[in-house]
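> sequence and predicted structure below; questions after.
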Amino acid sequence: MYVLKSILLIFIFCTSTIIGILISKKYSNRVKILKDLRNALNIFEVKISFSFETIPEIFNEISEKIKNVTGKIFSDTVKNMKEKNMLAGEAWEKSLENNCENLKPEDINCLKSLGKLLGKTDIEGQVSQIKLVSVFLEKQINEATEDKSKNEKMYQKLGAIVGLIIVIVLI
């Protein structure tokens, strides 16, 4: 009986610690996604300014260069445009809604603002909108980095402490 109780207590402690680590990873993931999106938008800005490629071709290139959630956003946008015959802006917004679980609503709203002009204005209008979104993303990256430095270790330690408290109470 003592062995079973010990195993259960270790399981509770480990589970609580893992939950704390998973919660803390959201902060790291947000920073990484925002940086990847900023880089992807820089690529998009250069490609749209200096090449004659279409938006789906550029988005395919970006999705191949940048893997993870950011690449999925761009590949899903292309997929929505081709398979569902959506306009670029609609496809972009739909893709953002489906792939941005670690981003805050203000991050998503800013990125959606890019979709309002995608394919609807001339190159200069789209480039200026990309620059505007990039500036906002830079501010969001700074905020996300601060949040990460404040909260990441706290949630890791909190998970371990809560697990330890539960173990002590159950002993």
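Received, thanks. Every value quoted in this text rests on a predicted model; they were computed, and no experiment measured them.

> could you list the buried residues of stretch 72-92?
Burial within stretch 72-92, assessed by neighbour count using 16 or more other Cβ atoms under 10 Å, is assigned to 72-81, 86, 88-92. Any C-beta I mention is one placed from the backbone N, CA and C, and that applies to glycine too.

> repeat for stretch 149-156
Of the residues in stretch 149-156, those buried (16+ other Cβ under 10 Å) are E152, Y155, Q156.

> so who does the first one touch?
Going back to what we said before, that points to E152. With contacts defined as Cβ atoms under 8 Å, 6 or more residues apart in numbering, the neighbours of E152 are S24, Y27, S28.

> try the last one
Shown in contact with Q156 (Cβ under 8 Å, 6+ apart): T17, G20, I21, S24.

> and the second one, by the same measure?
With contacts taken as Cβ under 8 Å, 6+ apart, Y155 has the following neighbours: G20, I21, I23, S24, Y27.

> and the gap between the nearest residue to it once chain neighbours are set aside and A160?
Using Cβ to Cβ, 6 or more residues apart in numbering and skipping residues adjacent in sequence, the residue nearest Y155 is S24, 4.0 Å away. According to Cβ to Cβ, to the nearest Å, S24 and A160 sit 11 Å apart.

> neighbour-wise, which of the two wins?
When S24 is set against A160 and neighbours are counted by other Cβ atoms under 10 Å, the residue ahead is S24, at 20 against 17.

> host element of the most centrally placed residue in the chain?
By Cα atoms, centre = their mean, the chain has its centre lying nearest to I33, at 3.9 Å. Secondary structure from DSSP states H and E places I33 in helix 2-50.

> give me the distance from that helix to the chain's centre.
For helix 2-50, the gap between its own C-alpha mean and the chain's C-alpha mean amounts to 10 Å (Cα atoms, centre = their mean, to the nearest Å).

> and the helix or strand following it, which residues are buried?
Under the assignment DSSP H and E, the closest C-terminal helix or strand after helix 2-50 is helix 55-65. Taking 16+ other Cβ under 10 Å as the basis for neighbour counts, the residues of helix 55-65 that come out buried are I55, P56, I58, F59, N60, E61, I62, S63.
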